[in-house]
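Q: the sequence and its predicted three-dimensional model are supplied below.
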Amino acid sequence: MNLPYKHPLPSMIFALAATITSHALAEEAGLMSGVTPVTTGVVIRGVTIGGPGGTPGTKTGEVCSFGTEEVDITGRMLGASVNCRPGGNRENTLQGLPVRFDAYCVINAPVKSARLIEADVPGNPNHCDLSGITPGDATGQFKGSIWR
């Protein structure tokens with residue numbers, strides 16, 4: 001009796017896809033890279049409004065938009081710049097925010113449906129990357145800005 005030959009390629013492709021997916025999910029959750037997501041403190045997004053500034057701490061009437069951030073094929077951001085600091089407050093998390101920003105938005109961590117990791121850069125030890133969230137959702141959570 002002759003049984004039909006089953007090529008192993010389809011099962012190999014499935015196994016490879018499952019492995020890639022599980023690694024991507026683990027990396028996004030910070031499990032593979034040893035990176036711990038920031039879940040406490042405040043998150044600050046700088047914004048440049050220009051013109052005559054207002055009184056520090058008062059509303060500008062502008063939002064902190066994430067509309068120009070790079071996104072993946074699912075429309076989720078790959079790494080928007082924000083300031084954060086585990087357990088930080090507004091005062092110590094603003095440190096290092098570039099001077100070009102004359103206003104900012106501030107919310108409490110964690111950012112819903114997002115990944116927030118520390119990613120310091122020269123001159124800004126509080127720099128963080130915000131990813132895994134759509135620009136519209138991020139803009140909605142950060143809402144209105146205040147003068148610096």
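A: It's in.
Q: distance of the spatially closest residue to residue 127 that is not a sequence neighbour from residue 128?
A: Nearest residue to residue 127, sequence neighbours excluded (C-beta to C-beta, 6 or more residues apart in numbering): residue 121, at 4.6 Å. Glycine gets a C-beta too; all of them are placed from N, C-alpha and C. Applying C-beta to C-beta, to the nearest Å, the value for residue 121 to residue 128 is 10 Å.
Q: neighbour count for those two, which is higher?
A: When residue 121 and residue 128 are compared for neighbours, residue 128 comes out ahead with 27 against 12, by other C-beta atoms under 10 Å.
Q: does that one belong to a helix, a strand or coil?
A: strand (DSSP: H, G, I helix; E, B strand; the rest coil).
Q: chain neighbours aside, what residue packs nearest to it?
A: Per C-beta to C-beta, 6+ apart, closest to residue 128 is residue 84, 3.9 Å.
Q: got a list of what the residue nearest to residue 57 when sequence neighbours are not counted touches?
A: Spatial nearest neighbour of residue 57, chain neighbours left out: residue 146 (5.7 Å); criterion: C-beta to C-beta, 6+ apart. Counting by C-beta atoms under 8 Å, 6 or more residues apart in numbering, residue 146 touches 56-60, 103-106.
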